[in-house]
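S.K.: Below are the sequence and a predicted model for it; my questions follow.
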Amino acid sequence: MSSTPAIEFDRVSVRYDRLPALEDISFSIPSGSFWGIIGANGSGKSTLVKTALGLLQPYEGEVRTMGFPPAQLGQQRARIGYVPQYAELDFSFPLQVIDVVAMGLYGKIGLFRRVTREHRRMALDALKRVQMEDLADRQISELSGGQRQRVLIARALVVQPALLILDELTAALDHGSAEGLYSWINALHSEGEMTIILVTHDIGVVSQYVDSIACLNRTLVAHGRPKDVLSGDSLEQMYGCGAVLFGHGEVPHMVVSARDADRQPE
């Protein structure tokens, strides 16, 4: 396992126009770890990920991803798998599942280059990792929401990444499907030394699986092991007063009082 952190933020601030999106963020994600980035909608979670990938530029501070400033990643960029919050893919378009996964190789083979038999083999191997190889020839439009998310993960895995970033994968899924997907991602992490970063507002479920979490509300409220971080103080700083995490069965849940309901995540 590499001793170089997967991602480092050193006093990073980011603005949209003149509005602050992130302020004075400093933390480090070790290589090979499984992290959750949590916070309410608008707290800066996706902004943090896009900054780590070089899609946004900080106006203060320094970012290093896999040991390099994002703009200098070069060939290292091919070792990063990324599933954005809103996939730019028309699921009604007549594409087979294996063709969607092969799209993940376009950064290596070129957008208009022919997909070879070897590339299709790589796509099929990625589908096997997400237990979807039996649906390789199925039309993407025929899949359920959870199955489509696994296909998008396979598209990110086809490059055999050292770093996998998953942004709000479960936003369109019901609770049961979301919990099953989280469990499966945890099993994926246990396979090897890949760093996985899971961006979510689903505190209760994700806290069961990740090694560490970073709690955002434009600033870094807290970071560390879930059991150490998810205190009342941290929750209040992220979601407002009245936010409480309590046990119910095997999965903890967060409750926000009625006066703070307008601040809880969608």
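M.R.: Sure, I can see it. Residues are numbered from 1 along each chain as shown.

S.K.: Do you have the helices of the stretch 1-150 of the chain handy? List them.
M.R.: For the stretch 1-150 of the chain, the helices defined by DSSP state H, counting those that start in this stretch cover 45-52, 97-102, 106-109, 117-129, 145-157.

S.K.: Can you lay out these as a markdown table showing distance to G204 and mean pLDDT?
M.R.: All C-beta spots, glycine's among them, are computed from the backbone N, C-alpha and C. What follows is these, written out as a markdown table (distance: least, Cβ to Cβ, whole Å; pLDDT from 0 to 100):
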| stretch | distance to G204 | mean pLDDT |
| --- | --- | --- |
| helix 45-52 | 16 | 94 |
| helix 97-102 | 31 | 91 |
| helix 106-109 | 35 | 68 |
| helix 117-129 | 27 | 90 |
| helix 145-157 | 19 | 86 |
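
S.K.: and those as JSON lines, adding distance to S212 and mean neighbour count?
M.R.: Listed next are the helices of the stretch 1-150 of the chain as JSON lines, based on distance: least, Cβ to Cβ, whole Å; neighbours: other Cβ atoms under 10 Å:
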{"stretch": "helix 45-52", "distance to S212": "14", "mean neighbour count": "23"}
{"stretch": "helix 97-102", "distance to S212": "30", "mean neighbour count": "24"}
{"stretch": "helix 106-109", "distance to S212": "29", "mean neighbour count": "13"}
{"stretch": "helix 117-129", "distance to S212": "24", "mean neighbour count": "17"}
{"stretch": "helix 145-157", "distance to S212": "21", "mean neighbour count": "22"}
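
S.K.: Nearest to R77 among the ones you listed would be which one?
M.R.: helix 106-109 (7.5 Å; Cβ to Cβ).

S.K.: Any idea which of the helices of the stretch 1-150 of the chain gets closest to V63?
M.R.: So among the helices of the stretch 1-150 of the chain, helix 45-52 is nearest, using Cβ to Cβ, at 5.9 Å.

S.K.: Show me which helix or strand of this protein is least confident by mean pLDDT.
M.R.: Taking mean pLDDT, DSSP states H and E as the measure, strand 244-248 is the helix or strand of the chain with the lowest mean score, a mean of 40.

S.K.: Strands of the stretch 151-266 of the chain, residue ranges please.
M.R.: Along the stretch 151-266 of the chain, the stretches classed as strands by DSSP state E, counting those that start in this stretch are 163-167, 195-200, 212-217, 219-224, 244-248, 251-255.

S.K.: Please compute how far stretch 55-74 lies from its chain's middle.
M.R.: 18 Å (Cα atoms, centre = their mean, to the nearest Å).

S.K.: Stretch 158-171 too?
M.R.: For stretch 158-171, the distance to the chain centre is 5 Å (Cα atoms, centre = their mean).

S.K.: So which bits of that stretch are buried?
M.R.: Going by neighbour count (16 or more other Cβ atoms under 10 Å), the buried part of stretch 158-171 is 158-159, 161-171.

S.K.: repeat for stretch 184-199
M.R.: 185-186, 188-189, 194-199.

S.K.: where does the stretch 101-250 of the chain have low pLDDT?
M.R.: Residues of the stretch 101-250 of the chain that meet the criterion pLDDT under 70 lie in 107-113, 171-174, 176, 205, 231-235, 237-250.

S.K.: same thing but 80
M.R.: 106-115, 169-181, 192, 201-207, 229-250 (pLDDT under 80).
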